[in-house]
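K.L.:
structure for the following, please:
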Amino acid sequence: HDKKDVRKEACFALSNITAGNKEQLQAVIDHKIVPVLARMLETEDLDVRKECAWAISNATAGSDDLQIKFLVDSGCVPALVNLLDKTSDVSIISVALEGIHNILECGQRVDGPVAAVEMCGGEHKIADLQQHENHKICDMAVRILEALPKRSQFTAAHWQAGKAELVDDAFPVGSRVHVK
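P.N.:
Below is the predicted model of the structure:
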């Protein structure tokens, strides 16, 4: 639709549907709305993107493994990850992180989610959020990074300062690292 307010309200309505049960989420999937939400999350103005983020994040909360796989295949992971450094709005960052966390929880059972986060630079963006001024965001970032498959770990501060060298071909969050 041409009017931004209509798009925003439509995404708000969809966020309420995706917060429902698995059958309601499946109806959104069956009507091919998820790829549209993922695309809108990348291209719309911030207030519309906020509602898209809620719709996608809500979809991750009550979905089964096949539904998560569909969300991943529809581009929801890069859309959520890209939102992390496009706003300073703590509520939007929190919603995006929650969606990513839910997707990664499923990634422990099925292939795809972890690779999707890695391929779009999600680990770096999430690691950077360990230094966020909001403690809730910091805690969520740490929780997500700890949930990723075991990797060499170090803090975002070392990563940003260029004072860390990767060991074991891995990524950030606190242990086997050579600090310069």
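K.L.:
for this protein, just list every one of the strands.
P.N.:
Counting by DSSP state E, the chain has strands at residues 164-165, 178-179.
K.L.:
tell me the mean pLDDT over the first one?
P.N.:
Strand 164-165 shows a mean pLDDT of 40.
K.L.:
kindly report the same for stretch 85-100.
P.N.:
Averaged over stretch 85-100, pLDDT sits at 93.
K.L.:
how far does it sit from its chain's centre?
P.N.:
8 Å (CA atoms, centre = their mean, to the nearest Å).
K.L.:
buried ones in it?
P.N.:
Of all the residues in stretch 85-100, those buried under the rule 16 or more other CB atoms under 10 Å are 92-100. Every C-beta, even on glycine, is put in place using the N, C-alpha and C of the backbone.
K.L.:
ditto for stretch 2-9
P.N.:
Those would be 7-8, for stretch 2-9 by 16+ other CB under 10 Å.
K.L.:
ok, now stretch 50-67?
P.N.:
Buried positions in stretch 50-67, judged by neighbour count with 16+ other CB under 10 Å: 50-60, 63, 67.
K.L.:
how many neighbours does Lys136 have?
P.N.:
Under the neighbour criterion other CB atoms under 10 Å, Lys136 is assigned a count of 13.
K.L.:
wait, which of the buried residues of stretch 85-100 is closest to Val34?
P.N.:
Nearest to Val34 out of the buried residues of stretch 85-100 is Gly99 (CB to CB; 12.1 Å).
K.L.:
ok, now how distant is the residue nearest to the closest one when sequence neighbours are not counted from Leu46?
P.N.:
The shortest distance from Gly99 to any non-neighbouring residue, by CB to CB, 6 or more residues apart in numbering, is to Ser57 (3.5 Å). Ser57 is 16 Å from Leu46, where distance means CB to CB, to the nearest Å.
K.L.:
likewise for Gly20?
P.N.:
26 Å.
K.L.:
ok, now Ala55?
P.N.:
Applying CB to CB to Ala55 and Leu46 gives a distance of 15 Å.
K.L.:
same thing with Arg7?
P.N.:
Using CB to CB, one gets 12 Å for the distance from Arg7 to Leu46.
K.L.:
and Gly75, by the same measure?
P.N.:
For Gly75, the distance to Leu46 - CB to CB - is 19 Å.
K.L.:
cool, and Val36?
P.N.:
Distance, Val36 to Leu46, by CB to CB: 18 Å.
K.L.:
the two - which one has more neighbours?
P.N.:
Val36 (16 against 12).
K.L.:
the more buried one and Phe12, how far apart?
P.N.:
In terms of CB to CB, Val36 sits 15 Å off from Phe12.
K.L.:
where does pLDDT dip in the protein?
P.N.:
Flagging of the chain using pLDDT under 70 yields the residue ranges 107-108, 110, 150-180.
K.L.:
since that was my last question, I'll sign off now.
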